[in-house]
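> mind looking at a prediction? Sequence and model below.
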Amino acid sequence: MAITLVMDGKELTVEDGKTLLDVAREMGKDVPTICYHDATTANGLCRMCVVEVEGQRALQPACVVQAGAGMKVHTRSEKVIRARKTILEMLDSTMDLSEADEIQTMMKDYNTDANRFPDAERRESEIKDDNPMYIRDYSKCLLCWRCVQVCAEDAQYTYAINFEGRGFETQIGTFFDKTIPETTCVLCGQCVAVCPTGALKPRREYLLQQGMSPQEISVLNTGRKKRKAR
């Protein structure tokens, strides 16, 4: 079944069941996303993909809202641009986005003001280096949920990590704050692959960035294996 709608002034006919993000991408529209990933279930958490649908009071998350017959959609109205810009400025004021390359590009595209929220509390977390594959730096985590999803039903069915805490204190963690080797994690690396900010990073890459040589890393890993064997 096909439906007809209007997006940015252009009438088009699409298959029923597509999301507004699907339609926008088919048209070549640049609708930014952060929490959305092709390998995970869309949940509309970050709201970066919002669009304006005439007749709707609030902006709609394009990644989860299905295209409807007769809809008139605006992907870059003044209201949409203002909302996306504010989201980026709020994220930038509360966390470390220095290694989030795609988000840095979005910030330039939307001409964000780095000083708009100078009194915002920043997210701080100690780096967790507790396994041989990757490190966890939750000061860079924006709670996009991608890592939790691929660890659960979207891919691995391991359930090693999930949300913990409430409000501003919410973060990704393990049950009872166990180290990664003490959880059901199988070190598949899929969580690292979908992380958009560098909150999860290959351990070797991290150690190299800290100035360690490949030889020093090898010695360090050997020592860890010996301690584990004991």
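That came through fine. Keep in mind that this is a model prediction, so the values were computed, not measured.

> what segments of the protein are helices?
Counting by DSSP state H, one finds helices in the chain at the ranges 20-26, 78-94, 101-109, 146-151, 190-194, 203-209, 214-229.

> please work out which of those helices is packed deepest.
A comparison of these by mean neighbour count, using mean count of other C-beta atoms under 10 Å, puts helix 146-151 on top with a mean of 24. C-beta coordinates here come from the backbone N, C-alpha and C atoms, glycine included.

> helices or strands up against that helix?
In terms of contacts (3 or more C-beta pairs under 8 Å, 6 or more residues apart in numbering; DSSP states H and E), helix 146-151 is packed against strand 161-164, helix 190-194.

> ok, which of those comes nearest Gln104?
Gln104 sits nearest to helix 190-194 of all the helices and strands packed on helix 146-151, at 18.0 Å, using C-beta to C-beta.

> in the chain, what secondary structure element scores lowest on mean pLDDT?
Of all helical and strand segments in the chain, the minimum by mean pLDDT, DSSP states H and E falls on helix 214-229, at a mean of 62.

> any idea how the chain splits into domains?
Domain assignment of the chain by automatic domain parsing yields the ranges 1-120, 134-229.

> now render those as a markdown table, adding distance to Glu126.
Supplementary listing: the domains of the chain in a markdown table, determined by distance: least, C-beta to C-beta, whole Å:
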| stretch | distance to Glu126 |
| --- | --- |
| domain 1-120 | 13 |
| domain 134-229 | 8 |
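
> mean pLDDT lowest for which of these?
Out of these, the stretch the model trusts least by mean pLDDT is domain 134-229, with a mean of 87.

> make CSV out of the helices and strands packed on helix 146-151 and add distance to Thr33.
Below are these laid out as CSV (distance: least, C-beta to C-beta, whole Å):
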stretch, distance to Thr33
strand 161-164, 20
helix 190-194, 12
